[in-house]
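K.L.:
generate a structure from the sequence data that follows.
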Amino acid sequence: NSFGCSDTISDSITVHPEPIALFSGNPQSGCAPFTIDTSAVSLTTFADANAQYTWEIVDPNSNAILQTYVGPNAISYTILDDGDTVLVRLIASSPFGCANDTLELPFYTIEDPVAGFFANADSSCHPFNAVLTDTSTSGVSHQWFVVGTLFSTAQNPSILLTNSGTTGDSSYVITLIVTASSGCSDTAEQILTVWPNPVANFSATEVCEGEATQFTSLSTGDVPIVAWNWSFGDGTTDTVENPIHQYATPGQYLISFEVIDARGCSHQVSDTVITRPRPTADFGELSTCGQDTLCIDLPTTFYDLSSVGNLGGAITSWQWDVDNDGVTDYTTDTAVHTFTTTGNIDVTLIVATEYGCTDTLTKSYYIQSPPTADFVLDTNYGCGPLQVNATNLSTGTISSYHWEVYADDGAGNRIVLYSSNTASSGTLPTLQPSNIQDTTYYIELTVGNCCGFDTLTRTATVRSNPSAGLLPDNTLGCSPMGVEFQLDGQVNGSP
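P.N.:
Okay, the predicted model is just below:
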């Protein structure tokens with residue numbers, strides 16, 4: 001004091017630290033959804049100053065508290081919308097009752113791009129060439145997925161979608177993810193449907209030339225088939241379900257067949273059909289009379305000469321009707337038949353190929369017999385010299401004549417006096433007599449044709465002439481002279 005006196009007292013005073021709210025954001029912005037948690041917030045703790053940490057999520061526009069978390073690591077808030085902002089407020093509380101400390105930091109989401117696209121069709125037939133057109137925000141990158149598999153990074157790609165089945169639709173999820181330079185992305189999806197195509201199939205009858213082919217559709221589809229388009233391979237077409245078509249010429253034809261169902265899906269199939277050529281029936285005969293004449297009672301061989309063109313196969317069946325009664329007489333390629341009556345006859349051959357194609361040929365023949373030799377003589381007996389005339393009375397088809405006049409030399413040998421190959425005998429030689437005995441002459445006619453010959457022989461007898469002979473005993477003397485005669489030489493005949 002003023003008197004210089006002093007005193008001292010000592011005591012301790014405790015000053016408590018004030019609470020400190022301190023944190024940082026790393027990052028403070030992100031793409032929606034942006035979760036604010038300990039991965040985005042870095043908290044500095046002060047163990048001596050802070051007893052409690054309270055987190056408040058605050059709407060900066062209304063200052064409304066959106067969410068409260070208590071605890072240093074309790075914060076976990078997600079900003080769902082892009083282009084949105086919240087304030088993260090940290091309140092540090094003192095264990096000593098000191099005034100709270102507060103720190104606010106803004107956190108916000110970046111505006112996302114908008115993904116969008118459309119396809120050229122929502123559904124189509126197999127194969128579906130889906131052309132995809134991007135409608136997303138500009139300035140983004142693109143990732144296109146089909147059923148989760150990346151197939152393109154182009155802006156406007158296309159993809160071929162298939163449906164290899166015959167029933168049931170195939171669905172494909174097309175996903176587009178677009179990413180902005182900020183790293184934010186958006187996704188758009190669309191389901192595309194691929195319809196199955198109908199299955200074209202048909203059957204066709206195999207026919208012979210001149211017959212119509214029956215085409216039958218065997219097609220199936222997931223929905224009704226409404227159109228059939230046939231191309232027959234010869235320049236003609238049809239649109240009915242089961243057409244009948246006749247080809248002008250035999251051959252192999254490529255058929256194109258398309259079916260279209262009610263959704264416009266189509267399928268085409270090709271196959272060949274064959275119109276088989278018919279055989280050409282023909283036959284010949286082994287005959288001595290040529291092509292149209294046959295002989296009675298002689299075996300005639302008929303042999304097949306039929307032919308068939310390309311694609312016709314082999315001839316495997318023969319039916320011979322040799323007596324024109326409609327009944328098959330022989331079934332081999334060669335027929336041997338003996339005709340027993342003369343006259344006109346038709347012989348028919350029906351041939352068939354391994355494919356059942358047939359042809360028929362009928363040939364007309366005349367069945368003839370050998371001719372019958374006959375003639376008459378105007379005389380067959382008389383004194384010589386004897387002139388005999390012959391008249392030909394032979395019947396039948398005659399192609400050759402042979403006349404012969406002969407005598408027998410007594411030893412069985414002919415002595416031919418005359419021969420001729422004309423229908424008329426002509427002038428026969430004068431038949432000379434014998435002075436010893438009657439002489440028999442033979443007149444023979446042989447007529448023939450391709451079927452054989454016939455011979456007729458007739459005789460003419462020439463009587464022997466009487467012969468006078470005498471021998472006088474005296475041929476010279478005086479008158480009166482007596483002469484005696486006696487028979488001399490060969491004397492024949494009855495005086």
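K.L.:
show me what the one helix or strand in the chain whose mean pLDDT sits lowest is packed up against.
P.N.:
Between all helices and strands in the chain, the lowest mean by mean pLDDT, DSSP states H and E belongs to strand 485-487, at a mean of 78. For strand 485-487, the packing partners by 3 or more C-beta pairs under 8 Å, 6 or more residues apart in numbering; DSSP states H and E come out as strand 470-472. From N, CA and C alone the C-beta is placed, and that goes for glycine too.
K.L.:
the strand it packs on packs against which elements?
P.N.:
strand 485-487.
K.L.:
given the least confident helix or strand of the chain, what are its sheet partners and their directions?
P.N.:
strand 470-472 (antiparallel) (DSSP bridges).
K.L.:
just the mean pLDDT for the partner strand, thanks.
P.N.:
For strand 470-472, mean pLDDT is 81.
K.L.:
buried ones in that strand?
P.N.:
Across strand 470-472, burial judged by 16 or more other C-beta atoms under 10 Å covers no residue at all.
K.L.:
end-to-end on stretch 215-234?
P.N.:
In stretch 215-234, first residue to last residue: 15 Å (C-alpha to C-alpha, to the nearest Å).
K.L.:
pull out the buried positions in it.
P.N.:
215, 217, 219, 221, 222, 225, 228, 230, 231, 232, 233.
K.L.:
same deal with stretch 71-78?
P.N.:
In stretch 71-78, counting by 16+ other C-beta under 10 Å, buried: 72, 75, 77.
K.L.:
then stretch 177-187?
P.N.:
For stretch 177-187, by 16+ other C-beta under 10 Å, it's 177, 178, 179, 180, 184, 185, 186.
K.L.:
would you turn those residues into CSV with pLDDT, secondary structure and distance to residue 33?
P.N.:
Listed next are the buried residues of stretch 177-187 as CSV, based on pLDDT from 0 to 100; DSSP: H, G, I helix; E, B strand; the rest coil; distance: C-beta to C-beta, whole Å:
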residue, pLDDT, secondary structure, distance to residue 33
177, 97, strand, 15
178, 97, strand, 17
179, 96, strand, 16
180, 94, coil, 16
184, 93, coil, 11
185, 91, strand, 12
186, 93, strand, 12
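K.L.:
can you tell me which of those residues is closest to residue 88?
P.N.:
Comparing the buried residues of stretch 177-187 against residue 88 with C-beta to C-beta places residue 184 closest, at 20.4 Å.
K.L.:
distance of the nearest residue to the closest one once chain neighbours are set aside relative to residue 135?
P.N.:
In space, and not counting its chain neighbours, residue 184 is closest to residue 31: 3.5 Å by C-beta to C-beta, 6 or more residues apart in numbering. Using C-beta to C-beta, to the nearest Å, one gets 21 Å for the distance from residue 31 to residue 135.
K.L.:
for residue 52, same thing?
P.N.:
Relative to residue 135, and taking C-beta to C-beta, residue 52 is found at 51 Å.
K.L.:
could you do residue 254 as well?
P.N.:
Applying C-beta to C-beta to residue 254 and residue 135 gives a distance of 48 Å.
K.L.:
check contacts around residue 228.
P.N.:
217, 219, 239, 240, 241, 257, 258, 259, 260 (C-beta atoms under 8 Å, 6 or more residues apart in numbering).
K.L.:
highest neighbour count among these?
P.N.:
Among these, residue 259 has the most neighbours (other C-beta atoms under 10 Å), with 25 neighbours.
K.L.:
I figured that residue hits residue 225, correct?
P.N.:
Yes: with contacts counted by C-beta atoms under 8 Å, residue 259 reaches residue 225, the gap being 5.0 Å.
K.L.:
which of the buried residues of stretch 177-187 lies closest to residue 368?
P.N.:
Using C-beta to C-beta, these come closest to residue 368 at residue 177, 104.8 Å.
K.L.:
what pairs with the closest one across the strands?
P.N.:
Under the criterion used here (DSSP bridges), residue 177 is bridged to residue 143, residue 187.
K.L.:
my guess is it meets residue 143, correct?
P.N.:
Yes: Residue 177 is within contact range of residue 143, at 4.5 Å (criterion: C-beta under 8 Å).
K.L.:
separation between residue 293 and residue 200?
P.N.:
61 Å.
K.L.:
neighbour count winner among those two?
P.N.:
Neighbours were counted for residue 293 and for residue 200 using other C-beta under 10 Å; residue 200 has more, 23 against 17.
K.L.:
wait, what's in contact with that one?
P.N.:
Taking C-beta under 8 Å, 6+ apart, one finds 217, 219, 257, 258, 259, 267, 268, 269 in contact with residue 200.
K.L.:
between the contacts of residue 228, which sits nearest residue 283?
P.N.:
Lowest distance from residue 283 to the contacts of residue 228 (C-beta to C-beta) belongs to residue 257, with 42.3 Å.
K.L.:
in CSV, list the C-alpha atoms belonging to the strand or helix carrying that closest one.
P.N.:
If you go by DSSP states H and E, residue 257 is part of strand 251-261. Provided in CSV are the C-alpha atoms of strand 251-261 (Å, rounded to 0.1, in the frame of the first residue of the first chain):
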residue,chain,number,x,y,z
GLY,A,251,-37.2,-82.2,-117.1
GLN,A,252,-35.9,-81.1,-113.7
TYR,A,253,-37.2,-77.8,-112.4
LEU,A,254,-36.0,-75.6,-109.5
ILE,A,255,-39.0,-74.6,-107.4
SER,A,256,-38.8,-71.4,-105.3
PHE,A,257,-41.5,-71.2,-102.6
GLU,A,258,-42.0,-68.3,-100.2
VAL,A,259,-44.6,-68.0,-97.4
ILE,A,260,-45.5,-64.8,-95.5
ASP,A,261,-47.3,-64.8,-92.2
